[in-house]
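Colleague: Can you look at this prediction? I've put the sequence above it.
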Number of protein chains: 2
Amino acid sequence: MKKTYRLINGMIASLLLATSAFAGDAALEKKFDGLIDPAEMNGWLETMAAEPNHVGAPHNKANAEMTLKQFQDWGWDARIETFRALYPTPIKVSFDLLGDNGFSATLTESPIEGDAPTFTDKALPAYLGYQGDGDVTAPVVYVNYGMPDDYETLKRMGVDVKGKIVIARYGAGWRGLKPKLAQEHGAVGCIIYSDPHEDGYAVDDFYPKGASRPPQGVQRGSVMDMPTYPGDPLTPGRGATEKAKRLSRKDAKTLLKIPAIPMSYGDARKILAAMGGQVAPEGFRGSLGETYHIGDDGAAKAHLVVQSDWSLKPVYNVVATMRGAEFPDEWILRGNHRDGWVMGASDPLSGHIAMMGEAKAIGALVRDGWKPKRTIVYLSWDAEEPGLIGSTEYAETHEDELVAKALLYINSDGNGRGFLNVAGSHSLQHFANEIAVDVDDPQTDGSVDQRARAQLMIAAAAKGADGDAKKLGALAANPSSDLPIDALGSGSDYTAFLQHLGMAALHVGYYGEGDDNGVYHSLYDDFAHHNKFVDPGSAYGGALARTIGRMVLRIADAELPPVRYGDFASTVSDYLDEVKALADDRRARADAQAAANEAGAFARAHDPKKPYGAPTVLKPVPHVNFAPLEDAVDHLKKSAAAYDAALAEKGPALAADKKRRLFALAREAEQALKIREGLPGRPWFRNSIYAPGTLTGYGVKTLPGVREAIEQERFADADKYSALTAAAINSYAAKLDSAVKLMND
Amino acid sequence: MKKTYRLINGMIASLLLATSAFAGDAALEKKFDGLIDPAEMNGWLETMAAEPNHVGAPHNKANAEMTLKQFQDWGWDARIETFRALYPTPIKVSFDLLGDNGFSATLTESPIEGDAPTFTDKALPAYLGYQGDGDVTAPVVYVNYGMPDDYETLKRMGVDVKGKIVIARYGAGWRGLKPKLAQEHGAVGCIIYSDPHEDGYAVDDFYPKGASRPPQGVQRGSVMDMPTYPGDPLTPGRGATEKAKRLSRKDAKTLLKIPAIPMSYGDARKILAAMGGQVAPEGFRGSLGETYHIGDDGAAKAHLVVQSDWSLKPVYNVVATMRGAEFPDEWILRGNHRDGWVMGASDPLSGHIAMMGEAKAIGALVRDGWKPKRTIVYLSWDAEEPGLIGSTEYAETHEDELVAKALLYINSDGNGRGFLNVAGSHSLQHFANEIAVDVDDPQTDGSVDQRARAQLMIAAAAKGADGDAKKLGALAANPSSDLPIDALGSGSDYTAFLQHLGMAALHVGYYGEGDDNGVYHSLYDDFAHHNKFVDPGSAYGGALARTIGRMVLRIADAELPPVRYGDFASTVSDYLDEVKALADDRRARADAQAAANEAGAFARAHDPKKPYGAPTVLKPVPHVNFAPLEDAVDHLKKSAAAYDAALAEKGPALAADKKRRLFALAREAEQALKIREGLPGRPWFRNSIYAPGTLTGYGVKTLPGVREAIEQERFADADKYSALTAAAINSYAAKLDSAVKLMND
């Protein structure tokens, strides 16, 4: 077995001692690796991706039943847990451009000769989940990505979308923000299309010749307002069980009020070609091979209709348990969703089959006599695509038990060829690094850790003295330094666990060489495409199983918590530096704008041939009281250093009950990061360190209460959340202090 | 008259005293402004741009004669000075794509209905001047911009252009480098086309609806190796007079050896569509609305023929002199070229008519009794487009006299709506700022200085705490701080004066709102386009005349040299910092690459489905001996500060002969910047501070001997040129020391 200690923050001495707490059972893991069979997994993928797997599809239910049966065959205690959630499905979707160049959008994805599953008649029409339904006729205006900066640009150009249908291209931010922002700006409808610049012919030959999105390809997706809360819109904060108390639809805050549809560029280019008015500014230009116009001449008028079936639909989670022999009430959760927008080969089944591979191997190990000390729970989620529904309803339903028992949640989702990427709770950063050195890369003679380091070293070589790349390159070049893990925003099933329940969580995947963007959420995300362009033979599916399986095995049997709090402390300290720099930057920007305004600069630099008004006036940026946060981070750093030292020095020799208490304290520490009242305007999100951005959707905002308050000019909230976040961090540090006391007593 | 002092480098006290040396005669300048008539200038523009004006065209000669006649009518002593230079014109140009999708490129620009001059039959076929002629048949390979980074990328992709015809798009570097680099990499032919991404429909509607390049539009241009030396290829360093000693064509270092042609995207897209092979990487993708391929499958095979008439052609410069009343042997030169690739309305006639406006106004002032103290020389250059020939041959022919007499050269070229931009010798930075505050902007109620500041303040407001923008924004917000001027590379007629003779030079123009990119060097650069899209009514032509005219008037009558050496010293000091940082950056890059190599990172991160080899190995970067340069810059700073203080304190009261000697010393100081042996591999370029880059063509490299040695891994040259540049700077400083002594004695 490989050497598994690392140097970070000068703690090498203690780590040399601590490593035994992190290391796995080499013989067990070798045996586990031998049980992972990518060819078999690839077969499951072909079977499971043979037909459409959207929520409510017969084949999705069949996959749940197959998964259940297999888990049971493999020795797991498995069941299907069913919820009933609001999930609209389309009854009528139509778009007609009116006038001389009028046409009716096809809104359909034609089958590909030689790729049998694409000939299905069981797919739903392409649509956007949780849009608002409606029947509107209005001029179409092009709003670029439809993000806040774009509306600012349009405002300065004198363009108002009120009463208009907007057409936005995919990209630059989460899909669901586009119709939401359109609605806030007074638009009556929204089209989101896939410009070839993002994932079409500009990037690669299109499918089936290459991996990219063909002209008729459509990206479906949910536009539920998930940054407010994910899961069933009618049951926020509680499980959508059969008899749950439900909101009425009109009171559900996460539902849009205007109709919205997704579109291919084959259809969208005809709309854009019909538009006149101002020429789109530089950042608005895609790859359609013509001049983009804003459409503010009103020349492109259209009729958009969406009508949905808003009934509740069943959601089938498969829950499989392998009971722990020593600590049955200490749980390790591991999940991947199973539903797709159509077949869903890459998203999500390529990750689901890795989870199945792990489960089969764990079952075999148990059959051969291995007894995990802790309880392992494997979870096949339904209804992730419409809004993380399966995982959210499970987490909400079982909140009390999970908070009391679950040590962490490990997630995966679509997976492909490339480089290991781990994101999540930074207390587990070192643990993740420990794992990576022991996983063999399928394509090279070495570990996935070595391959990730190689990539960073190459980036550093390309960028020279540039700060971040150089720093990362130096870390990568030194195998005794850990690689940093990313923070988690949203976009997959870890959200409810990390951000609502306050559990430690990791999201694990391989990315970077497989090309699945071009079929994302389309008919063409099927086995043939995945097996050709994303991960032939599911080789990296195998690597994923060996990575997460290893994590599960180690935690299941760990003597001591696999945490290193120094990593978390230094990461939070970096976040605080970022937030302080953000405030300074915003202040400099506001001051510079005020100076420019005072000097009449906007009028003076005005181009009379291309009118562009003054920007929205920025509020003056007061100095935020960062003192509570600075004190809390100091506290955290001291407590973390003391914990890490004590764990290394005293941990291995502790009595069993103290070791067990350390696990409880580790669990409690993560949960201490929750802010009781939640984040501003979205109480469901309670984690003070990690959240998806309200204006990024998926993208993370760290120290979100403070950071977003500064970004959104809510300066009273910035002070308030500086104090609330500080209190959470102090509570976390206090748990570490308790643990240190326990170890030293 | 406005207050005209500024604060920079803490020298406000001395500058308060010095301002009298910089200020102009307000009454004279007001009268001058009244004599500038944009409507009349616009009429000249329409007349002069009525027919093709390439070198040798009858209409270009007619324009020379008209210019001559007008200068004479306006009271100037004017003549035409003729040179004979090698200037190839096309006899045959053809391109045929072979095979099933074969076609013959049109290579012509069709006329535009309603735009009469475009129906001319007198234009030359679209071609590239000084390409190598030939008749080749070979597969076509796409090389993106055809710059060094692109060839590095292709090498890593396993693509060799040896024996191929390359097709490159315009952009990212000077045109002439593309066939030169292609030739160096073994290509047998080169096509340069205008991708719509750069100046076509991606940017704006195309002409005549909008300003952009139409599908049939072609950018002509010269591919003479001007970074080696500009001017007649057969007479480097001496004037191309009738009887000059000439090189044979085969010995001329600035001539290409392979055939090359320019192309429209209407033609080029058919070639690109015929190509297969690898998909072009991200940075290679233009806006043609399809997937770009490299063509390394050899599917697109073509036949390219270029045959030229290589005879000498006459070059007609108009030289007009207004003799100085007090110091006839102190000259102020001011020039603009007159030849175009076709009609040349924007480039160059929009600047030429401003020069004519100035000349007429100066003539009128003289007729009314004004007697300039110094001699003013106005220069209408021919043959700038093929290679700065008119100005270079003039400078080379009259080198001795110019070096002895000319104080500075002021240049302009194509001009349009927008913001004042001044570039050139930094000793004149303050002078340029002084001028800008006194020139009224045509579009706003204020000066062109205020408008330039407004633009910088807006940029600062948009960029927040970003270093450069913030610094510039703060400068702009403070009217007593000067705005920096840019350094000059090449691309217009200042080159021979600044970089060969070592004279002070300024290049002045208005840019930023007029759209002339889309017709650049094409048939469509005509009066109708200019008057609609670039500068309606030549309003900014008027501003240019009022700007440069003011410069000429002030220097003609100045009591003291209009210099402030502190600006030059601090600028050179910044350049030295940049060069030191460059060495550090290159070292970090080389070290990081070596570390990555040693760790086998390139092999390890290799994607077997998209092979991409290791980069070319960087040489280890030794530490350059910057000590001589550091000492020289220290010397310069002290000398400059002493000079500026002495000039302010004692200058105004100096005796007339001392004042005159100060002008001579100012001239000699600039010339002291010349390095006798010139820059490495290009002895024609002698300025130690400013040069066009050998691998940028137009773009400036400051401290070029040192900077390019580091960039190009010639580390022995870096040390050598550190010393040579230091010696030049010390000589410059010594001239200032002499002046200080003169003033203090």
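Modeller: The structure has been received and is ready for your questions. Numbers count the residues shown, from 1 in each chain, chains lettered A, B, ... in the order given.
Colleague: Next to chain B, which bits of the stretch 101-250 of chain A? Give me the list.
Modeller: For the stretch 101-250 of chain A, the contact set with chain B under Cβ under 8 Å from any Cβ of the partner chain comprises A:196, A:201-206, A:210, A:212. Quick note: C-beta positions are derived from backbone N, CA and C, even for glycine.
Colleague: for whichever residue of the stretch 1-150 of chain A sits closest to chain B, what are its contacts?
Modeller: Taking Cβ to the nearest Cβ, chain B has its nearest neighbour within the stretch 1-150 of chain A at A:Asp149, 10.8 Å off. Contact partners of A:Asp149, counting by Cβ atoms under 8 Å, 6 or more residues apart in numbering or on different chains, are absent.
Colleague: Could you say which helix or strand holds it?
Modeller: helix A:148-156 (DSSP states H and E).
Colleague: At the geometric centre of chain A, which residue sits there?
Modeller: Among the residues of chain A, the smallest C-alpha distance to the mean C-alpha position (Cα atoms, centre = their mean) belongs to A:Gly491, namely 2.9 Å.
Colleague: So which elements touch the top helix by length along chain A?
Modeller: Scanning chain A for the helix with the most residues, using DSSP state H, yields helix A:565-598. Contact partners of helix A:565-598 among helices and strands, from 3 or more Cβ pairs under 8 Å, 6 or more residues apart in numbering or on different chains; DSSP states H and E: helix A:429-436, helix A:627-650, helix A:704-711, helix A:715-744, helix B:448-463, helix B:467-477.
Colleague: let's see it at 6 Å
Modeller: The helices and strands touching helix A:565-598, judged by 3 or more Cβ pairs under 6 Å, 6 or more residues apart in numbering or on different chains; DSSP states H and E, are helix A:627-650, helix A:704-711, helix B:448-463.
Colleague: first to last residue in stretch A:418-437, what's the distance?
Modeller: Stretch A:418-437 has an end-to-end distance of 16 Å (criterion: Cα to Cα, to the nearest Å).
Colleague: now swap in stretch A:188-199 and tell me
Modeller: This stretch, stretch A:188-199, spans 27 Å end to end (Cα to Cα).
Colleague: Quick check: phi and psi at the closest residue to A:Trp684 other than its chain neighbours.
Modeller: The shortest distance from A:Trp684 to any residue other than its chain neighbours is 3.7 Å, reached at A:Tyr229 (Cβ to Cβ, 6 or more residues apart in numbering or on different chains). A:Tyr229 adopts backbone torsions of phi -160, psi 140, taken as degrees, to the nearest 10.
Colleague: In this structure A:Tyr229 contacts A:Arg686, no?
Modeller: No: the pair A:Tyr229 and A:Arg686 fails to qualify as a contact (Cβ atoms under 6 Å) at a distance of 10.9 Å.
Colleague: Check the gap between A:Trp370 and A:Phe71 for me.
Modeller: Counting by Cβ to Cβ, to the nearest Å, the gap from A:Trp370 to A:Phe71 is 17 Å.
Colleague: quick one: which of those two has more around it?
Modeller: Ranked by neighbour count (other Cβ atoms under 10 Å in any protein chain shown), A:Trp370 and A:Phe71 place A:Phe71 first, with 24 against 18.
Colleague: What helices and strands are in contact with the helix or strand hosting that one?
Modeller: Secondary structure from DSSP H and E places A:Phe71 in helix A:58-73. In terms of contact count using 3+ Cβ pairs under 6 Å, 6+ apart, helix A:58-73 is assigned the packing partners strand A:77-86, strand A:312-322.
Colleague: Report the buried residues of the first one.
Modeller: Put plainly, it is strand A:77-86. Buried residues in strand A:77-86, defined by neighbour count with 16 or more other Cβ atoms under 10 Å in any protein chain shown: A:78, A:80-86.
Colleague: Over to the last one?
Modeller: Burial within strand A:312-322, assessed by neighbour count using 16+ other Cβ under 10 Å, is assigned to A:313-322.
Colleague: pLDDT below threshold where in the stretch 351-500 of chain A?
Modeller: For the stretch 351-500 of chain A, residues meeting the criterion pLDDT under 70 lie at A:465.
Colleague: Flag every residue of it that's near chain B.
Modeller: A:443-444, A:451, A:454-455, A:457-458, A:460-461, A:464-465, A:473, A:477 (Cβ under 6 Å from any Cβ of the partner chain).
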